[in-house]
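Novice: Structure, please.
(2 chains)
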Number of protein chains: 2
Amino acid sequence: MNATTLELVLLDISRVIPPIATYFVSVAMGEQVRGLDSQAESRQQLLQDVADFLRRKAEVEQEYSRGLEKLSERFSAKIRGSKEHQNFRKDQNLPSPLNCWYTILNQTRQASRDHGALSEIYTGHLVLRLVHISEDVGRLARKSKEMEQQMQDELLKLNLAFVYLQAMKSYQTYRIDCLNAEAKLREAERQEEKRSGGKHSDLSGSPGGAGLDKTPRRTSLRKVERLLEKRQSKFLESKLKCAKARNDYLLNLHTANSAMSNYYVRDVADLLDCFDLGFHLSLGKVLRTYLAAESRAQASWQQGLCAIEGAVDALDPLGDKSRMMEANPAAYCPPLSFDYQPHEGDEVSEVRAEGPLRNELVSRFQHIQSRLNSITLETDEVNKTLKATLQSLIDLLTAEEPEALDAFQGCQSTESLKSTGSDAGGKQALAKRRANQQDTESFYIMVES
Amino acid sequence: MNATTLELVLLDISRVIPPIATYFVSVAMGEQVRGLDSQAESRQQLLQDVADFLRRKAEVEQEYSRGLEKLSERFSAKIRGSKEHQNFRKDQNLPSPLNCWYTILNQTRQASRDHGALSEIYTGHLVLRLVHISEDVGRLARKSKEMEQQMQDELLKLNLAFVYLQAMKSYQTYRIDCLNAEAKLREAERQEEKRSGGKHSDLSGSPGGAGLDKTPRRTSLRKVERLLEKRQSKFLESKLKCAKARNDYLLNLHTANSAMSNYYVRDVADLLDCFDLGFHLSLGKVLRTYLAAESRAQASWQQGLCAIEGAVDALDPLGDKSRMMEANPAAYCPPLSFDYQPHEGDEVSEVRAEGPLRNELVSRFQHIQSRLNSITLETDEVNKTLKATLQSLIDLLTAEEPEALDAFQGCQSTESLKSTGSDAGGKQALAKRRANQQDTESFYIMVES
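Specialist: Residues are numbered from 1 along each chain as shown, chains lettered A, B, ... in the order given. This is a model prediction of the structure:
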């Protein structure tokens, strides 16, 4: 409440001094009209801002869409032009890393289309709808103001304060008349009492039924009786008039109060409803369309990321190796083995250990066997080392890199200094991991060869 | 298989003519080395392309982020500067449409931060990792090629074809010797048979045990015996040599075949594994970081859209109306009602219907009652019309607009002509709906006032 203390005092006085109340009511009515105006204005400003926002966001989305399109087109064209791709297209047997790469390009192309669609929906449908709503707000505000003015005029035409004041004045006048008439009646009664003195009980017993009194006294008595009668009827008459005026006053009071309360409690609310008519509904619908469009693009992104995740999950070194070997039989197909060519009619086709040859072969076999045993032992040892080295290499390669997504933390926290510090730490850790990895790799290859 | 028919024929011949096989093997080995080279090259090309892609995408994301930031900053600054906002900030009692608007701006600001973070992660972490992987591929390719060369050299040093040919030739030579020796032995046996004629049984019975024969016959007999003996031992000797040569030939054959198959089946695969070492793992890790970053931005978008949806769901015309009325008590607080002011000592404060006043009041009451009845009836009718009109207005305002999201369909379907047609149809439908809406609104307000 913005009222000062003076205004509060005046408001309180206005309960008993109607013209002041009327002043406040007419001030409030002016406020109401201005309120509608300013509400309509701020709504139109909001709609204008949102439309402006959408127009500019459409430009940003369009630019983004174009950037993504150029990006994916650049690399797709390169792929289409490459000999490698043409080979793969035929057998659809892409190596898994290439498949990841193509899936990423596909997702980028789809994102370009989606953001282009957003741009189109903003500038096309949504901005148009917002312009319509703004027109609606303006029209409804004008109509509501007209209706409000009309209602206020009707209310002021009733001139409630004046009528109330008239009724009160007339009640007061009649009430004073009535009180005067009563006073005069009482005065007459008192005089009559004085005169009758001790015969009070007799007189009062039956004032009109004493035909045996003396004439002067009887004349005076009749005069007093007539006066009393006259004053009594005057009093009754003015009492009735006063009651009627009081009734009028009370009914007018209630009428004025009901008219005011009707206006404030019902009409003003109805007017505001009329002003509001459909605003939230229409705005909500535009915003829901905005949401639906953004959600589509967002869901499409999610879907694209799922496809990329599928391609990454399907990274398959063994499969790629065998596909590569199958695709290059000239290099990787083992040559046909040498055949045994028996000399004309020689029916023996296997090693024979007859007579003196036997001992020679047995000793050769034993020599080979013992060499094989020692080599197998050595190989087992080497294999163990190889396995362990490979595992630590894999561990190094798959080690968590918590700093990789720091940029996201950075944009939420305000401590940018701290993040820079951890960034340097991250780089050191990375360099250390990398040196480690190369050492392990060298060792692995040395053992392997 | 790229082999021509001639090559196929040669390959088949190579099974029996080792030098041709050796030619094919050395061609294949050259192919293998070239294969490693070209695989390393295409992997490095892929890594280079992906890194290039990420650098350019980082620019696109950065630009998008800046666009969104400028956009949200422009409108946020306008809001901060507005008087309205400062009023609302105090009581935190935003009208629900403004709340929607602020939530949209917040989401835009968050999206700007998220895409900025993407850009940072691409150019920082991911590109660096890709450069590392490319270095790894180069180093491993070099080491694998060295190892491959070494293995091939060792294999060729064995000179399998030459050794095989030598062994075969020596087997053939000894076999011919053996056959000759056998032929000579059989010839001697045949001569011996002719000479002994009918005494064949006697002679054959015990050629060395006849001490009673004549001298010239005995001398001739001893000669034949010696020749036979000599040829027999020569035959046995050459047979043994032949068997030994055959054994050598067979063993060399198996050695050559095993060496070849070992190289092709085990060593080549091991070499390729060595060349592959960690490539899929490291690439997968980079791609998973890419995915994690994009998924974060995507999830943040989803979250922002949920917040906007919450704000749209909370659009509340009645709440806004009462908040607005509470915030403007000077305009909307009903004035204090007029009080009854009894005149000095008048204790009556309600309408009295005594005597003649009663009839008058009763007739007045009856008149008002009958007017009220007729007005109530009329109002009920008007209310019904109002309700129905309001409902159809709401129906018009909330009618589905299937064409709103056409832009998304458009980017998936190829029939752009059809979509243009439905676009024009959509505009007509929109204009019709809009005319309908305004008619209904006018009728509603006419009935209402």
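
Novice: which helix is the longest one in chain A?
Specialist: Criterion DSSP state H: the longest helix present in chain A is helix A:18-81.

Novice: quick one, that one and helix B:18-81 angle?
Specialist: Helix A:18-81 runs at 170 degrees relative to helix B:18-81, counting by axes from the mean of the first three to the mean of the last three CA atoms, to 10 degrees.

Novice: Could you pull up the mean pLDDT of helix A:18-81?
Specialist: Across helix A:18-81, pLDDT averages out at 89.

Novice: just checking, next helix/strand downstream of the helix or strand bottoming out on mean pLDDT in chain A?
Specialist: In chain A, no helix or strand scores lower on mean pLDDT, DSSP states H and E than helix A:200-205, which sits at a mean of 46. For helix A:200-205, the following helix or strand on the C-terminal side (DSSP states H and E) is helix A:215-262.

Novice: ok now the longest helix of chain A, how far from the chain's centre?
Specialist: Offset of helix A:18-81 from its chain centre (CA atoms, centre = their mean, to the nearest Å): 15 Å.

Novice: Stretch A:289-304 too?
Specialist: Taking mean C-alpha positions (CA atoms, centre = their mean), stretch A:289-304 and its chain are 17 Å apart.

Novice: Would you mark the buried spots in stretch A:46-59?
Specialist: If you call a residue buried by 16 or more other CB atoms under 10 Å in any protein chain shown, then stretch A:46-59 has these buried ones: A:46-47, A:49-54, A:56-58. For the C-beta atoms, the positions are set from N, CA and C on the backbone; glycine is no exception.

Novice: Restrict those to those that also contact chain B, please.
Specialist: Contacts with chain B within the buried residues of stretch A:46-59, counted by CB under 8 Å from any CB of the partner chain: A:46, A:49-50, A:52-53, A:56-57.

Novice: residues touching A:Ser144, list them.
Specialist: Contact analysis of A:Ser144 by CB atoms under 8 Å, 6 or more residues apart in numbering or on different chains lists A:36, A:271-272, A:274-275.

Novice: again, 7 Å this time
Specialist: A:Ser144 is in contact with A:36, A:271, A:274-275, counting by CB atoms under 7 Å, 6 or more residues apart in numbering or on different chains.

Novice: okay if I get those residues as JSON lines plus secondary structure, distance to chain B and neighbour count?
Specialist: Formatted as JSON lines, the contacts of A:Ser144 follow (DSSP: H, G, I helix; E, B strand; the rest coil; distance: CB to the nearest CB, whole Å; neighbours: other CB atoms under 10 Å in any protein chain shown):
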{"residue": "A:Leu36", "secondary structure": "helix", "distance to chain B": "10", "neighbour count": "20"}
{"residue": "A:Leu271", "secondary structure": "helix", "distance to chain B": "9", "neighbour count": "21"}
{"residue": "A:Cys274", "secondary structure": "helix", "distance to chain B": "6", "neighbour count": "19"}
{"residue": "A:Phe275", "secondary structure": "helix", "distance to chain B": "9", "neighbour count": "23"}
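
Novice: Just give me the closest of the buried residues of stretch A:46-59 to A:Val286.
Specialist: A:Val50 (8.0 Å; CB to CB).

Novice: Pretty sure that closest one sits against B:Cys100.
Specialist: No: applying CB atoms under 7 Å as the test, A:Val50 and B:Cys100 come out as separate, 8.8 Å apart.

Novice: What strand or helix carries A:His343?
Specialist: Counting by DSSP H and E, no helix or strand carries A:His343.

Novice: measure the spatially closest residue to A:Gln110 that is not a sequence neighbour to B:Val50 for me?
Specialist: Sequence neighbours aside, A:Gly304 is the residue nearest to A:Gln110 in space, at 5.4 Å (criterion: CB to CB, 6 or more residues apart in numbering or on different chains). Distance check for A:Gly304 against B:Val50: by CB to CB, to the nearest Å, it reads 16 Å.

Novice: what number of residues lie near A:Ala167?
Specialist: Using other CB atoms under 10 Å in any protein chain shown, A:Ala167 has 21 other residues around it.

Novice: again with A:Gln437
Specialist: For A:Gln437, using other CB under 10 Å, the count is 20.

Novice: For it, which non-adjacent residue is closest in space?
Specialist: A:Leu396 (4.6 Å).

Novice: which ones are touching the residue nearest to A:Gln110?
Specialist: Applying CB under 7 Å, 6+ apart, we find A:Gly304 in contact with A:107, A:110-111.

Novice: Helix or strand: which one has it?
Specialist: Using DSSP H and E, A:Gly304 falls within helix A:279-313.

Novice: Which residues belonging to that helix are considered buried?
Specialist: Buried residues in helix A:279-313 (16+ other CB under 10 Å): A:279-291, A:293-298, A:300-302, A:304-305, A:308-309, A:311-312.

Novice: And for stretch A:314-332?
Specialist: By neighbour count on 16+ other CB under 10 Å, the buried set for stretch A:314-332 is A:315, A:317, A:320-321, A:323-325, A:327-328, A:330-332.

Novice: farthest pair in the contacts of A:Ser144?
Specialist: The most distant members of these, if one measures by CB to CB, are A:Leu36 and A:Cys274, lying 10.1 Å apart.

Novice: do you know how far the residue nearest the centre of chain A is from chain B?
Specialist: Closest residue to the average C-alpha location of chain A: A:Leu287 at 9.5 Å, with CA atoms, centre = their mean. Note on A:Leu287: its distance to chain B, by CB to the nearest CB, to the nearest Å, is 5 Å.

Novice: so what's that residue up against?
Specialist: Contacts of A:Leu287 by CB under 7 Å, 6+ apart are B:100, B:312.

Novice: Report pLDDT for it.
Specialist: Listed pLDDT for A:Leu287 reads 96.

Novice: State the distance from it to B:Leu390.
Specialist: A:Leu287 sits 22 Å away from B:Leu390 when distances are taken as CB to CB.

Novice: what helix or strand is A:Tyr340 on?
Specialist: Using DSSP H and E, no helix or strand contains A:Tyr340.

Novice: Give me the phi and psi for the nearest residue to A:Ile308 once chain neighbours are set aside.
Specialist: Leaving aside its sequence neighbours, A:Ile308 sits nearest to A:Thr103 (CB to CB, 6+ apart; 5.0 Å). Here is the backbone geometry of A:Thr103 (degrees, to the nearest 10): phi -70, psi -40.

Novice: ditto for A:Gly355
Specialist: Main-chain dihedrals, A:Gly355, degrees, to the nearest 10: phi 50, psi -130.

Novice: That one - how many residues pack around it?
Specialist: Neighbourhood size, A:Gly355 [other CB under 10 Å]: 11.

Novice: follow-up on the earlier one: in contact with the residue nearest to A:Ile308, which residues?
Specialist: Contacts of A:Thr103 by CB under 7 Å, 6+ apart are A:307-308, A:311.

Novice: just those now: which is nearest A:Tyr263?
Specialist: Distances from A:Tyr263 to these, taken by CB to CB, are shortest for A:Ala307, at 64.5 Å.

Novice: for that closest one, what are its contacts?
Specialist: A:103, A:107.

Novice: so where is the stretch 51-200 of chain A shaky, pLDDT-wise?
Specialist: For the stretch 51-200 of chain A, the stretches flagged by pLDDT under 70 are A:83-92, A:197-200.

Novice: hmm, 80 instead?
Specialist: Residue ranges of the stretch 51-200 of chain A with pLDDT under 80: A:82-93, A:156, A:158-164, A:195-200.

Novice: residues near the closest residue to A:Glu189 other than its chain neighbours, how many?
Specialist: Among residues not flanking A:Glu189 along the chain, A:Leu228 sits closest, at 6.7 Å (CB to CB, 6+ apart). For A:Leu228, the count of nearby residues is 16 (other CB under 10 Å).
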